[in-house]
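Colleague: Whatever this is, show me its structure:
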Amino acid sequence: MHLDPRDLFDWVRPLRRLASLRLVGRRQVTGIALLTVLAVLFESFSIALLIPVLDYIQADGDVAGLAAEGWLWATLVDGANWLDVPITLASLLLGIFVLVCLRQVTAYARTVYLATVRQRLGQRMSVSLFSSVLASSSQYIRNFNGGSFVFLLGQQVQSANALVYSFANLASLAVTFLAYGAVTFAVAPLPALSGLILGAFALLAASYYVRRARSISRRLVVGGEAWTSFAAERWRAWRLLKMGGMLEREEAEADRLAGRICGLSIGLARVMGRLELALSLFILGAILAALYGAVEFLTVSVSVVTVFVLVALRLAPLLRQFANLRQSIAVQGANLDRMITAFEECRAARERDDGTTEMPSLRRGITFRGVHFAYGDGSIPALNGVDAHIPAGRMTAIVGPSGSGKSTMVDLILRLLSTTSGDILMDDVPIGEIRLRALRGRIALVMQDPILFDASIAENVRYLRQSASLDQVREACRRAHAGEFVEAMPEGYDTVIGEGGTRLSGGQRQRLIIAQALLADPEILILDEPTSALDFESERKVQEVLEALARERTVTIIVISHRPSTVVRADHMIVLNDGHVAETGPPDRLRESNGWFAAMMRLPEDHAPGGSSTPAGALPEKEVAS
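Modeller: A predicted model of the protein is given here:
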């Protein structure tokens, strides 16, 4: 067993890491420290006052004789004369009672204040981490596992937050040791010195177990994150598990991951149990040895021996608690390290907003000029010199084989991605000069997989415009052809639709999302495969909404779709292939050409290229990130 005196201060690094977050102010630290010191002082004084009580009983109340024998009684008599209080057995016992009461009151105040600081710190940690992750760049968020995100906000934040409680208790123990040490040194210096040396050796020996606990805790963090990610992914894929008969295999994998956590947890408990056993035996032996030496070799009174034993019995469990706290700090420190790493990654990947101007009202449209974009380190090209124009107040369809760069174009318009080179203009204003909030506040996005929350229909529809009235919600639903089915529900707009809108059909979910977008009153409406998963009737209703919007000429509509019936109603077409603009123009003109769009229009509706297939005679497809 390697012993290193520096291990006694292994708690310093987690303390510095916690302080670096700047989530606990000086006022809170001062309040906790003040209440801790007062509680310990009141307790130590009440214990020290037992010596005069025992001396008073032994001397049959001879106060003058006791004052002449020692400094403690002389000081006590001077204090009683100054307060004009007679020294009797009743007054001494009353003094102990008052000190104990004061100790309990300050301990209660400390407990409540510490709990308040800890819970508010946990709230700030959770909210700060939540906003930091979501304020990061889209590429960072795509690489951030959803299960890891939930585990980070839950268990790891709470564990890191528990460090405040651990450090507060560590400080309380330190003050307690100092106070009781002062008392014992005052009445019995040699036994106190021997106890101090033995206690330091015990804590140093415990460092071996603390290092073991820290190592296991780091593996527990990794295992817990893997388990949460696994559970979240399988929950989302429950239909696939059932239909594919994969339950037994996934159950075996779950057993493996949970078994790993179980084994590590048992190992951690075993380490802590061994520490408890070793310390208990060592402390008991040290107390008995010190007591034997004080009685056999030193001239110590019965009252001093009694107080020494009381102090030793009081400090013995605190010494074990100190060692256990160091283990807890090692465990919680591993979670704190993961949380701070996430903060640092989010800070480095924070979404940049260098814009200074407002979003202009589109009169001409959106223009791409020589736009290049590549994913990763630039080795996966998605757009190569795209020149295109999306006219304002018209419906533009962006089509092409899978992987041709359609979704990348949309993400660049939303500034979820930034161009590698080239310019995107809103009328004549470079998109990078527009403030992000101003840009995205004028754009609404309807995705292929609608994002709905476990809330009422009205709450979901007004998500992008919280101030909207119920009449405005109804009007948006009417325009999206959703009002009829909503009002047919027993609770109407107050109907809770379940997580992801599971209580609605696919077409109903899609129309609610369109209603949400319409209520936001956008200047640009982007629809990414809005009808790909819908039946004929649902698709027809969505198309009617798009046709009505197109006739109004007040919204610039961008549609990505593989369905001819959806894109044929567009005013303008952009055909992408291999990151280039292959064709552009009105649908009627492109239909007469011999390009990809004409080949798509010749296919039956059910065979329109929605995946990797390419129409016969059309442009070849290349695997490119879209």
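Colleague: If you rank every helix and strand of the chain by mean pLDDT, what lands last?
Modeller: helix 238-243 (a mean of 65; mean pLDDT, DSSP states H and E).
Colleague: Which parts of the stretch 301-450 of the chain are helices?
Modeller: 302-348, 406-413, 436-440 (DSSP state H, counting those that start in this stretch).
Colleague: Any idea how far apart the tips of stretch 451-471 sit?
Modeller: Start and end residues of stretch 451-471 are separated by 23 Å (Cα to Cα, to the nearest Å).
Colleague: which residues sit against it?
Modeller: By Cβ atoms under 8 Å, 6 or more residues apart in numbering, the residues outside stretch 451-471 that reach it are 444, 472-473, 476-477, 486, 489, 491-501, 504, 509, 512-513, 515-517, 519-521. Where you see a C-beta, it was placed from the backbone N, CA and C, and this is true even at glycine.
Colleague: hey, what's the residue lying closest to Thr420 once chain neighbours are set aside bridged with?
Modeller: Once flanking residues are discounted, Thr420 sits nearest to His372: 4.6 Å by Cβ to Cβ, 6 or more residues apart in numbering. Taking DSSP bridges, one finds Ser421 as the beta-bridge partners of His372.
Colleague: hang on, isn't His372 packed against Asp423?
Modeller: No. Using Cβ atoms under 8 Å, His372 makes no contact with Asp423, being 10.8 Å away.
Colleague: Of these two, which one has the most company?
Modeller: Using other Cβ atoms under 10 Å as the criterion, His372 and Asp423 rank with His372 on top: 16 against 13.
Colleague: Tell me who's in contact with that one.
Modeller: Per Cβ under 8 Å, 6+ apart, neighbours of His372: Pro381, Leu383, Asn384, Gly385, Val386, Thr419, Thr420, Ser421, Gly422.
Colleague: 6 Å instead, please
Modeller: His372 makes contact with Leu383, Asn384, Thr420, Ser421, Gly422, according to Cβ atoms under 6 Å, 6 or more residues apart in numbering.
Colleague: Quickly note the distance from Thr531 to Val446.
Modeller: 10 Å (Cβ to Cβ, to the nearest Å).
Colleague: likewise Ser565?
Modeller: 17 Å.
Colleague: what about these two, which has more around it?
Modeller: Ranked by neighbour count (other Cβ under 10 Å), Ser565 and Val446 place Val446 first, with 23 against 14.
Colleague: The more buried one contacts Arg511, correct?
Modeller: No. Taking contacts as Cβ atoms under 6 Å, Val446 lies outside contact range of Arg511: 9.9 Å.
Colleague: can you redo the contacts of His372 as TSV with pLDDT and distance to Glu459?
Modeller: Listed next are the contacts of His372 as TSV, based on pLDDT from 0 to 100; distance: Cβ to Cβ, whole Å:
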residue	pLDDT	distance to Glu459
Leu383	92	37
Asn384	91	43
Thr420	89	40
Ser421	92	42
Gly422	92	40
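Colleague: Tell me the most packed of the residues you listed, by neighbour count.
Modeller: Counting by other Cβ under 10 Å, top hit in the contacts of His372: Leu383 with 29 neighbours.
Colleague: Identify the residues contacting that one.
Modeller: Here Leu383 is in contact with Val371, His372, Phe373, Gly405, Thr408, Gly579 (Cβ under 6 Å, 6+ apart).
Colleague: Look up how far Glu276 lies from the residue nearest to Thr420.
Modeller: 64 Å.
Colleague: Kindly report the same for Ser565.
Modeller: Taking Cβ to Cβ, one finds Ser565 at 72 Å from Glu276.
Colleague: Could you turn the buried ones of the contacts of stretch 451-471 into a ChimeraX selection?
Modeller: In ChimeraX, a selection of the buried entries from these looks like this (16 or more other Cβ atoms under 10 Å):
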select :444,472,473,476,477,486,493,495,497,501,504,509,512,513,515,516,517,519,520
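Colleague: Identify those among the contacts of stretch 451-471 that sit within strands.
Modeller: Among the contacts of stretch 451-471, the subset assigned to strands under DSSP state E consists of Ala444.
Colleague: So which of the contacts of stretch 451-471 belong to helices?
Modeller: Among the contacts of stretch 451-471, the ones falling in helices (DSSP state H) are Gln472, Val473, Ala476, Cys477, Val486, Arg509, Leu512, Ile513, Ala515, Gln516, Ala517, Leu519.
Colleague: got a list of what the spatially most central residue of the chain touches?
Modeller: The chain has Leu153 as the residue nearest its centroid, 2.6 Å off, counting by Cα atoms, centre = their mean. Counting by Cβ under 6 Å, 6+ apart, Leu153 touches Ser126.
Colleague: Tell me the predicted confidence for it.
Modeller: Per-residue confidence at Leu153 stands at 78 (pLDDT).
Colleague: same check, this time on the one 3 residues further on
Modeller: Note on Gln156: pLDDT of 70.
Colleague: just the strands in the stretch 451-600 of the chain please.
Modeller: 524-528, 556-560, 572-577, 580-585 (DSSP state E, counting those that start in this stretch).
Colleague: Quick check: which element contains Tyr292?
Modeller: helix 247-297 (DSSP states H and E).
Colleague: quick one, that helix and helix 302-348 angle?
Modeller: 150 degrees (axes from the mean of the first three to the mean of the last three Cα atoms, to 10 degrees).
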